[in-house]
Structure formats: C-alpha cells, structure tokens
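*Asks:* Have a look; sequence and predicted model below, questions after that.
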Amino acid sequence: MMFVGSTVLGAVGFGTGVASMPVLLLVLDPQSAVVMLNTVALGLKGWIVVQSWQDLPLKKIGPIAIAALLGAPIGVFILDSVEAGVLRIGISAFIVLLALLTVLKPNGGIPMPYPVGLLAGFAVGITSSAFGVGGPLVALFLLERGWPKLAMRASMAFYLMATGVVAIVGYAIAGLYTRERLALVLLAIVPVLAGLKVGSMLMRRMDERAFRYAALAVIFVSSGIVLAKEALQKL
C-alpha cells in the first residue's frame, strides 16, 4: 500500500495517506501507522520539491506553509494523547461539502479568498501530524484558485514537507519513535521509491483537466474513507 500511496503522491503532490492509511490501520496501531507514513513521505515530498523547484510559487504557498507549521505541534499532541474521532468526521464532511460545491457549481467552483488558504493550512498542519491525512483541504483551495498542475503539485509537496518536518521533530520529542517503527520505515523505502517513479510518469501524461479531475477524485476518496471508517467505529 505504500507503493500505491507514493504513486498518488508522485502524480498529484498529495494523497499518500489516502491510499495507504486504511490498509495500514488493519495491521498497525494508529500511532505506528501515522509515524511511519509521515516519516517515509517526508523524503518523497522533498524529492518532488527539488525536482519541480522552478514551478514552485514560493511567495504564494509560503504563508500557507507557515500557517501549517503553527498547527503541526497541536497535531502531535493530539496523536500522543487525545481521542479525535469527532474532529476527523467534521473536517472530512466539510471537505466533501466544498468539493461537491466545486463540482456542481456551473461556473467552476466557489470563491475562496486567500485568507481561507491560511486557515486551511493551519487546519491541515494539525490533521496531517495527527492522522496522516488532511492535504485535500489545501488542495481544494489551490484548485479553486486556478493554479496550473505543475505549480499545484510542487506547492502541495512543499507545504506537506514543511508540515512533515515539524511533525517528525515532535514525534521524536514525544518519544514516538521505537525500534519497531524505525524498522517499518526502512522496509517501506523500496516500494515507496518505485511508486514515486510511476506517479511522476502519470503526472507527465495528464493535461490540466485530467489533473483537476484526478485531484478531486483523491479529495473525495480520502474524505470518504475517513467518514466511513469513523462511522463503522461508532456502530
């Protein structure tokens, strides 16, 4: 599943947790799954940023990344100590609603002023660190701002990389890195690198319209998985 997750990341710049987390949670405890996923994904995002640096609108995505840095420590605290099922449901339902409005509105979505991106960045800084998912909210904002696919892919990777750095430092401080979890990180490296290569090839074959549909599909699937998982846990 890490191969699939890294393929999605290589293609659209986010979505590693979407494809990987549901299956990882079947075989790992939540802390191990999130810590392993975010640690491995950090290197992938860094590689995408280096590869596509010339496409990165740093002045535009920079403030959103800074907002994420403020939220990431809160996410580490949640992962370490707080039950957050209600928060996951609320955020995922909100993302699905926004995505539906984007798809159904005839003139191409809903207006999202730049301050919305700052709020989204802060919120996803929390959810990415705590749950290993959350990028779709910022991705939806970038889609509605009309960013081209190369700029969006580079920006999502940069944004999530910044969040990941703070999260990993927090995991280390909180004592979440055990010998077993570090071994899982090493085992995931080969399939992750293979998936990243495949995802990059797919991205080059997509035009702007196909990229938009692919990104929206990731948004719907990721949010739907979180909602379904939480609903099943409540039964």
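*Replies:* Received, thanks. Residues are numbered from 1 along each chain as shown.
*Asks:* Now for residue 189, how many residues are close by?
*Replies:* Other residues lying near residue 189 total 12 when counted by other CB atoms under 10 Å. All C-beta spots, glycine's among them, are computed from the backbone N, C-alpha and C.
*Asks:* For residue 34, see how far away it is.
*Replies:* Per CB to CB, to the nearest Å, residue 189 is found 18 Å from residue 34.
*Asks:* Equivalent analysis for residue 191, please.
*Replies:* In this structure, residue 191 lies at 18 Å from residue 34, with CB to CB as the measure.
*Asks:* between the two, which one's more packed in?
*Replies:* Neighbours of residue 191 and residue 34, each counted by other CB under 10 Å, are more numerous for residue 34; the result is 28 against 17.
*Asks:* Quick check: the gap between that one and residue 158.
*Replies:* Distance of residue 34 to residue 158, computed by CB to CB: 21 Å.
*Asks:* Am I right that residue 60 is in contact with residue 154?
*Replies:* No - proximity of residue 60 to residue 154 does not meet the contact threshold set by CB atoms under 8 Å, at 11.0 Å.
*Asks:* what's the following helix or strand after the least confident helix or strand in the chain by mean pLDDT?
*Replies:* Least confident helix or strand, the chain: helix 85-104 with a mean of 59, by mean pLDDT, DSSP states H and E. Secondary structure here is assigned by DSSP states H and E; on that basis, the next helix or strand after helix 85-104 toward the C-terminus is helix 114-131.
*Asks:* what packs against that following helix?
*Replies:* The contact analysis (3 or more CB pairs under 8 Å, 6 or more residues apart in numbering; DSSP states H and E) places helix 114-131 against helix 16-27, helix 30-51, helix 58-81, helix 85-104, helix 135-144, helix 149-173.
*Asks:* mind redoing it with 6 Å?
*Replies:* In terms of contacts (3 or more CB pairs under 6 Å, 6 or more residues apart in numbering; DSSP states H and E), helix 114-131 is packed against helix 58-81, helix 135-144, helix 149-173.
*Asks:* May I see the buried residues of the last one?
*Replies:* Of the residues in helix 149-173, those scored as buried under the neighbour-count criterion (16 or more other CB atoms under 10 Å) are 149-164, 166-168, 170-171.
*Asks:* cool, the first one as well?
*Replies:* Neighbour-count burial for helix 58-81, counted by 16+ other CB under 10 Å, picks out 61, 64-65, 67-69, 71-76, 78-79.
*Asks:* Next, the angle helix 149-173 makes with that helix.
*Replies:* Following axes from the mean of the first three to the mean of the last three CA atoms, to 10 degrees, one obtains 30 degrees for the angle between helix 58-81 and helix 149-173.
*Asks:* Pull the residues that contact helix 58-81.
*Replies:* Contact partners of helix 58-81, identified using CB atoms under 6 Å, 6 or more residues apart in numbering, comprise 34, 84, 117-118, 121-122, 125-126, 129-130, 155, 158-159, 162-163, 166-167, 170, 174.
*Asks:* repeat that for 8 Å
*Replies:* Outside of helix 58-81, the residues that reach it under the criterion CB atoms under 8 Å, 6 or more residues apart in numbering are 30-31, 34, 84, 87, 117-131, 138, 155, 158-159, 162-163, 166-167, 170-171, 173-174, 176.
*Asks:* That one to helix 114-131, inter-axis angle?
*Replies:* For helix 58-81 against helix 114-131, the angle between stretch directions is 30 degrees (the same axes, to 10 degrees).
*Asks:* swap in the longest one?
*Replies:* Between the direction of helix 149-173 and that of helix 114-131, the angle (the same axes, to 10 degrees) works out to 40 degrees.
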